[in-house]
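[1] A structural model of the following input is requested.
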Amino acid sequence: MESRVLTGATIRGLALPSKPAARLAGNSSFPTVRLTGKLSDGGNLICGRQLRPAILLEASPANAFSSPVKKRDNLRPCLAAASSPAGSSDSSGGAKVGFLEKYPALVTGFFFFMWYFLNVIFNILNKKIYNYFPYPYFVSVIHLFVGVVYCLLSWSVSLPKRAPIDSNLLKLLIPVAACHALGHVTSNVSFAAVAVSFTHTVKALEPFFNAAASQFVLGQSIPITLWLSLAPVVIGVSMASLTELSFNWLGFVSAMISNISFTYRSIYSKKAMTDMDSTNLYAYISIIALIVCIPPALIIEGPQLLKYGFSDAIAKVGLTKFITDLFWVGMFYHLYNQLATNTLERVAPLTHAVGNVLKRVFVIGFSILAFGNKISLQTGIGTSIAIFGVAMYSFIKARMEEEKRQGKAA
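    Alright, predicted model coming up:
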């Protein structure tokens, strides 16, 4: 911007002397400037710039004002003041409130909606892929691979900025990622073997394994109320399993191993507590889990894929659909997990519990509608009882954690 020297004029209350302005050299200073009129808090506009009163006071060697200047403000644009005759938020001292800050409940609701939506889409598309490409180990690798590529691209443009990781944190994250990889692969083995609704019904037993690990592995005392709330979960899953039309032992056992794996993931996660943000943390876990998943996929399914796996899938749906299905199922997997983490950071433990229960209800319900799975009356009742038990357990545990946190704060 071109600099101009204004002399011999009064501009909006500023009386400037008629002699030329002194050069800034050595210890030279500006001549005494006399203020006429009243300066607003926002200062005056000269050549499109905002002139702050502090500069004038500091420029005067006489310093006729008794109050000292504590801070020298920089020149900054004041477009809002120029456009608003009645003053702006800057002159009144108030900050502008953005949409995200003004409607936090609406934003949190949108996060929940996207979490559920992406979860449902992932489960439906995942099962459709298994109907013509039944190779869960390879598909599990694709899930993590697409997510890792997404994370690397995000880091390359600093969205978010990559958090540094040292050898100590890496050692703590390896067990977490290994359990995450095992739980992810076994979940997909179950999804490929049985109906999606049945896998999620069995995975409703995860709180039971969490409580058992806390009691017998970590040595924590679990109240009797929590154990009683888990009784309907066990009964409901047992009822649903006995009459499930798509039941087979591979799907059931794989879902149970997934529950155990995710339970130990939670245990190791507590030992690997870190100040790193959840987005970066999940990215590092995904990278390590991908490295863990690749060898078993190559050993178990590699020869079959090369002989007839890929060719059969391409013959059924075509190369373009096959590739796009794998890409989108991996993208949905990563995004719904990332959104789940970001969403649960915004809410209280009780809301967290409600969200998890409703998510499982949504997935079970929409998977039945999408695939037209026939379920017996006993399976439906058993699934409902199991979900009710999970809700009871989650509410009781959330209240206990809230009371514990309040006790520490007091």
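[2] what number of residues lie near the residue lying closest to residue 267 once chain neighbours are set aside?
    In this structure, residue 267 finds its nearest non-sequential neighbour in residue 213, 6.0 Å apart by CB to CB, 6 or more residues apart in numbering. (C-beta placed from N, C-alpha, C; glycine too.) Residue 213 has 16 neighbouring residues, counting by other CB atoms under 10 Å.
[3] for residue 300, give its distance to residue 135.
    9 Å (CB to CB, to the nearest Å).
[4] picking that back up, got phi/psi on the residue nearest to residue 267?
    Residue 213 adopts backbone torsions of phi -70, psi -40, taken as degrees, to the nearest 10.
[5] ok so, going back, so residue 300 and residue 135 - more neighbours on which side?
    A count of neighbours by other CB under 10 Å puts residue 135 above the other of residue 300 and residue 135, at 22 against 15.
[6] any idea how far the more buried one is from residue 179?
    22 Å.
[7] would you map the strands across the stretch 251-400 of the chain?
    For the stretch 251-400 of the chain, applying DSSP state E, counting those that start in this stretch gives no strands.
[8] let's check: the centremost residue of this structure is which one?
    For the chain, the residue nearest the mean C-alpha position is residue 342 (2.3 Å; CA atoms, centre = their mean).
[9] just the helices in the stretch 251-400 of the chain please.
    For the stretch 251-400 of the chain, helices defined by DSSP state H, counting those that start in this stretch occupy the ranges 278-304, 310-317, 319-344, 349-371, 377-409.
[10] could these be laid out in TSV, adding mean pLDDT and distance to residue 166?
    Converted to TSV, these look like this (pLDDT from 0 to 100; distance: least, CB to CB, whole Å):
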stretch	mean pLDDT	distance to residue 166
helix 278-304	93	11
helix 310-317	95	40
helix 319-344	90	22
helix 349-371	75	30
helix 377-409	83	29
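[11] of all those helices, which lies closest to residue 106?
    helix 319-344 (13.5 Å; CB to CB).
[12] which elements pack onto that closest one?
    Where contact means 3 or more CB pairs under 8 Å, 6 or more residues apart in numbering; DSSP states H and E, helix 319-344 is packed against helix 104-132, helix 136-156, helix 278-304, helix 310-317, helix 349-371.
[13] quick revisit: turn the helices of the stretch 251-400 of the chain into TSV, columns for distance to residue 241.
    Shown next, in TSV, are these (distance: least, CB to CB, whole Å):
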stretch	distance to residue 241
helix 278-304	26
helix 310-317	31
helix 319-344	26
helix 349-371	14
helix 377-409	8
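[14] what sits against the residue nearest to the centre of the chain?
    Residues counted as contacts of residue 342 (CB atoms under 8 Å, 6 or more residues apart in numbering) are 111, 278, 279.
[15] swap in residue 117?
    Applying CB under 8 Å, 6+ apart to residue 117 gives no contacts.
[16] for burial, what's the neighbour tally of residue 301?
    Number of residues near residue 301 (other CB under 10 Å) recorded here: 18.
[17] doesn't residue 137 make contact with it?
    Yes: Residue 301 is in contact with residue 137 according to CB atoms under 8 Å; the separation is 4.8 Å.
[18] re earlier: so which of the helices and strands packed on helix 319-344 is the most packed in?
    helix 136-156 (a mean of 20; mean count of other CB atoms under 10 Å).
[19] and whichever helix or strand comes after it, what does it pack against?
    Using DSSP states H and E, the helix or strand that follows helix 136-156 in sequence is helix 167-193. Using 3+ CB pairs under 8 Å, 6+ apart as the contact criterion, the elements in contact with helix 167-193 are helix 104-132, helix 136-156, helix 196-203, helix 249-271, helix 278-304.
[20] the first one to helix 319-344, inter-axis angle?
    It stands for helix 104-132. 150 degrees (axes from the mean of the first three to the mean of the last three CA atoms, to 10 degrees).
[21] ok, now which ones touch residue 186?
    For residue 186, counting by CB under 8 Å, 6+ apart, the contacting residues are 254, 255, 257, 258, 261.
[22] which one among those gets closest to residue 143?
    Among those, and counting by CB to CB, the member closest to residue 143 is residue 258, at 13.9 Å.
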